[in-house]
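> What follows is a protein structure lacking sequence information:
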């Protein structure tokens, strides 16, 4: 599959309007080749030292961060869908969005790992990570070692995607979100859990697992201080 990954800031008061707006787009997007849409509402978004989800989209105090993605069979289908969206009159009718589109960030990502199943998840841990291009193989090896640990402690699925078509924005973009340098790309990934309670206990158990002891900070192929993460509740998932 191919992923179009999004991060945006939505006025908290517009939560239901946003959900309805996303659902109204589903039939059109499916007509264009999309196979799944997932929209996740920020529920546990920590402040970071250098970067975080709120700063990534310049979220205001009365706004909530949304982490979402659309799935396509391949990059060609996604590219063709993007062209159709630009010219379809039905999209023009949806132009009035319940959020500031100038601060929305989105790009294309190629999956490098998919373990278990993320369908029907009750809770999502979302991540955006800056990664030196030359360390892709190291990152994939780390992801392949870590995914079974999370699944053994209650996660239902782990997906890792590699930035392949990263766009530059006027106000925000993935590069600025994690202060990526010229020799870095961006990873967009998530861990699916049955619930927040399962996520909290599962993360704690995973961190205490002896298999993680060998994955100390020095073994990380990226700058952890610039990684952004947060907990999200799915409000739209067409796979349900």
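Yes, it's here. None of these values were measured; they are calculated from a predicted model. Numbering: from 1, shown residues only.
> Can you list the low-confidence ranges for the protein?
Applying pLDDT under 70 to the chain flags the ranges 216-218.
> What residue in it is the furthest from its centre?
No residue in the chain sits farther from the centre than residue 89, which is 28.3 Å out by Cα atoms, centre = their mean.
> where do the helices sit along the chain?
Ranges of helices in the chain, per DSSP state H, are 15-31, 53-56, 75-87, 89-93, 136-152, 174-177, 196-208, 210-213.
> could you dump those helices to CSV with distance to residue 224?
Every residue, glycine included, has its C-beta placed from N, CA and C. CSV is the format used below for those (distance: least, Cβ to Cβ, whole Å):
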stretch, distance to residue 224
helix 15-31, 31
helix 53-56, 15
helix 75-87, 29
helix 89-93, 39
helix 136-152, 12
helix 174-177, 15
helix 196-208, 14
helix 210-213, 14
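> And for the nearest residue to residue 70 once chain neighbours are set aside, the neighbour number?
Closest residue to residue 70 apart from its sequence neighbours, by Cβ to Cβ, 6 or more residues apart in numbering: residue 4 at 4.5 Å. Applying other Cβ atoms under 10 Å, we find 22 residues neighbouring residue 4.
> Now do the contacts for residue 4.
By Cβ atoms under 8 Å, 6 or more residues apart in numbering, the contact set of residue 4 is 69-70, 72, 78, 106-109.
> if we can go back for a sec, report the contact partners of the residue farthest from the centre of the chain.
Residue 89 is in contact with no residue at all, counting by Cβ under 8 Å, 6+ apart.
> which one's the longest strand in the chain?
The strand that spans the most residues within the chain, counting by DSSP state E, is strand 105-116.
> counting contacts, what elements does that one pack onto?
If contacts are counted by 3 or more Cβ pairs under 8 Å, 6 or more residues apart in numbering; DSSP states H and E, strand 105-116 sits against strand 2-11, helix 75-87, helix 136-152, strand 157-165, helix 174-177, strand 184-193.
> Direction included, what does the fourth one pair up with?
Strand 157-165 sits in its sheet next to strand 105-116 (antiparallel), strand 184-193 (antiparallel), going by DSSP bridges.
> Give the buried residues for the first one.
Residues of strand 105-116 classed as buried: 105-109, 111-113, 115-116 (neighbour count, 16 or more other Cβ atoms under 10 Å).
> same check, this time on stretch 76-93
Of the residues in stretch 76-93, 77-78, 81 count as buried by neighbour count, 16+ other Cβ under 10 Å.
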